[in-house]
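Student: just need the structure, nothing else, for what follows:
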Amino acid sequence: MKGTVVIDCFPESAERYRDGYAVVVIDVIRATTTATTAVNLGRRVFPARTSDDAYVTAAKLDHPLLVGELGGNTPFGFDLTNSPALIASRSDVNRPMVLVSSSGTQLLMNAAGSEAVYVACLRNHSAVARYLAGRHARVAVLGAGTRGQFRREDQMGCARVAQQLIDAGYFPENQQTIECVARWRNATPDVIREGRSAEYLRRSGQEDDLEFVLRHIDDLDTVPWLVDGELADVARAGIAARERSNSGPRGDGSLE
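Tutor: Numbers count the residues shown, from 1 in each chain. Have a look, this model is predicted:
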């Protein structure tokens, strides 16, 4: 398939890619790394736009784990912050997780209704690109952004997914996409240490999450897909079987 790929950023950008695009959401520090890690462990994951939405979702679940941050702070009543390291260390994978974050889950929920919505981070960027290649004609790879900035870790994640799609025959839609891929294609993950997100994690005593991100590069085949408000691994969700029945995935989780 000769398709196209575009890189963009910020939660509000999702509106531009509702019609005819599969959307990949990337928030390396930390929402999509946390979500991907949890889904890989077999935990059910429900993203939420706000803490109020998270409470509404949690009320429908059995013994849920409320996880997240808003403005850098853990919302009142939540069990823990948006930490992939903490999620990876927990054994209670039977507890469904409701996840909220300042940017990542905002973007994720804004993208609902697109042709399909996937989650990527540095742990699964190759798996996501492999899954997308030949499956969708147009792909938008969107970084969540933090405080109005397209942070370097998200640029790197977006560039890695886009580069592999370009290698598979996709064409970049604009100059911004070309420049982002060119800038980050050969960068090593250690450059993340020099960014503002890394500085924040060190300053706030959350350096374990930084080290977790840097220690886990392209080590998962998990591809989280948003369906009926839940992130499910495409392999476990039986997407292939659904596609064989001529039903196409959509980002709101419905099938047509």
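Student: okay, CA-based contacts and neighbour counts for the rest of this
Tutor: Will do.
Student: burial count for Arg236?
Tutor: 12 (other C-alpha atoms under 10 Å).
Student: now do the SS call for it.
Tutor: coil (DSSP: H, G, I helix; E, B strand; the rest coil).
Student: for it, what are its contacts?
Tutor: When contacts are counted by C-alpha atoms under 8 Å, 6 or more residues apart in numbering, Arg236 touches no other residue.
Student: again, but for Asn174
Tutor: Val6.
Student: pLDDT score for it?
Tutor: At Asn174, the model reports a pLDDT of 97.
Student: same question for stretch 8-25, mean pLDDT?
Tutor: 96.
Student: mind checking the end-to-end distance for that stretch?
Tutor: 10 Å (C-alpha to C-alpha, to the nearest Å).
Student: next: stretch 205-223.
Tutor: 30 Å.
Student: Leu122 is in contact with Val213, isn't it?
Tutor: Yes: using C-alpha atoms under 8 Å, Leu122 is in contact with Val213, at 7.4 Å.
Student: between these two, what contacts are shared?
Tutor: Between them, Leu122 and Val213 share the contacting residues Val28, Thr33, judged by C-alpha under 8 Å, 6+ apart.
Student: please say which of these two ends up with more neighbours.
Tutor: Shown here are Leu122 and Val213; by other C-alpha under 10 Å, Leu122 has more neighbours (29 against 23).
Student: confirm that that one sits in a helix.
Tutor: No: checked against three-state DSSP, Leu122 lies outside a helix; its state is coil.
Student: need the contact list for the closest residue to it other than its chain neighbours.
Tutor: In space, and not counting its chain neighbours, Leu122 is closest to Ile217: 5.4 Å by C-alpha to C-alpha, 6 or more residues apart in numbering. The contact partners of Ile217, by C-alpha under 8 Å, 6+ apart, come to Leu122, Arg123, Asn124.
Student: cool, Asp208 as well?
Tutor: Per C-alpha under 8 Å, 6+ apart, neighbours of Asp208: Ala85.
Student: okay, the helix or strand hosting it in PDB with CA atoms only?
Tutor: For Asp208, the enclosing helix or strand under DSSP states H and E is helix 207-215. What follows is helix 207-215 as a C-alpha-only set of coordinates in PDB (Å, rounded to 0.1, in the frame of the first residue of the first chain):
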ATOM      1  CA  GLU A 207      13.600   9.800  38.200                       C
ATOM      2  CA  ASP A 208      12.600   6.100  38.400                       C
ATOM      3  CA  ASP A 209      10.200   6.800  35.500                       C
ATOM      4  CA  LEU A 210      12.900   8.500  33.400                       C
ATOM      5  CA  GLU A 211      15.100   5.500  33.900                       C
ATOM      6  CA  PHE A 212      12.300   3.100  33.100                       C
ATOM      7  CA  VAL A 213      11.600   4.900  29.800                       C
ATOM      8  CA  LEU A 214      15.300   4.800  28.900                       C
ATOM      9  CA  ARG A 215      15.800   1.100  29.900                       C
END
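Student: circling back: can I get the contacts of Ile217 in a markdown table with distance to Thr222 and pLDDT?
Tutor: As requested, the contacts of Ile217 are exported to a markdown table (distance: C-alpha to C-alpha, whole Å; pLDDT from 0 to 100):
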| residue | distance to Thr222 | pLDDT |
| --- | --- | --- |
| Leu122 | 12 | 98 |
| Arg123 | 9 | 98 |
| Asn124 | 6 | 98 |
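Student: and the residues you listed, which is closest to Pro84?
Tutor: Arg123 (11.1 Å; C-alpha to C-alpha).
Student: and the closest one, how many neighbours does it have?
Tutor: Arg123: 24 neighbours (other C-alpha under 10 Å).
Student: so who does the closest residue to it other than its chain neighbours touch?
Tutor: Distances taken as C-alpha to C-alpha, 6+ apart put Asp218 closest to Arg123, at 4.3 Å, once the chain neighbours are dropped. By C-alpha under 8 Å, 6+ apart, the contact set of Asp218 is Leu122, Arg123, Asn124, His125, Ser126.
Student: same deal with Val45?
Tutor: By C-alpha under 8 Å, 6+ apart, the neighbours of Val45 are Ala35, Ala38, Val39, Pro96, Met97, Val98, Leu99, Glu230, Leu231, Ala232.
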